[in-house]
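Peer 1: here is the input, now give the coordinates:
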Amino acid sequence: MLRVVIEICPGGDVSVARPIATAVIANVSDLADISEYSVSATEGHTPIAMAASRACTGRIIGHDRRTSVWELIAKAASWAAKEAHKATK
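Peer 2: As a prediction, this is how the structure comes out:
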């Protein structure tokens, strides 16, 4: 399982960093070379963007585990962004 935490560091100060979004990505296909993952993403209220808090769950299907972990995170982030966009309509 991967846990991705997005933090904001006001003024670049990591001592006051606070999380604004998280994602949990879990392999559900016995670690096959081409795998399926469950994804759970949450995002807190963002006053600057006038965005409400949201949470979504879904799947990534057909991911090649032999690629960089960043490729999986990019797929999860792209999926979560699309879900967030749908929620605003």
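Peer 1: please, which helix or strand holds Val5?
Peer 2: Element membership of Val5 [criterion: DSSP states H and E] is strand 2-8.
Peer 1: average pLDDT for that strand?
Peer 2: Strand 2-8 comes out with an average pLDDT of 95.
Peer 1: which SSE is immediately downstream of it?
Peer 2: strand 18-27.
Peer 1: neighbouring strands for that following strand, and are they parallel or not?
Peer 2: strand 2-8 (antiparallel), strand 34-43 (antiparallel) (DSSP bridges).
Peer 1: list the buried residues in the longest one.
Peer 2: The one in question is strand 34-43. By neighbour count on 16 or more other CB atoms under 10 Å, the buried set for strand 34-43 is Ser35, Tyr37, Val39, Ser40, Ala41, Thr42, Glu43. Where you see a C-beta, it was placed from the backbone N, CA and C, and this is true even at glycine.
Peer 1: gap between the very next helix or strand once past it and the chain center?
Peer 2: Once strand 34-43 ends, the next helix or strand along the chain (criterion: DSSP H and E) is strand 54-64. Distance of strand 54-64 from the chain centroid (CA atoms, centre = their mean, to the nearest Å) equals 9 Å.
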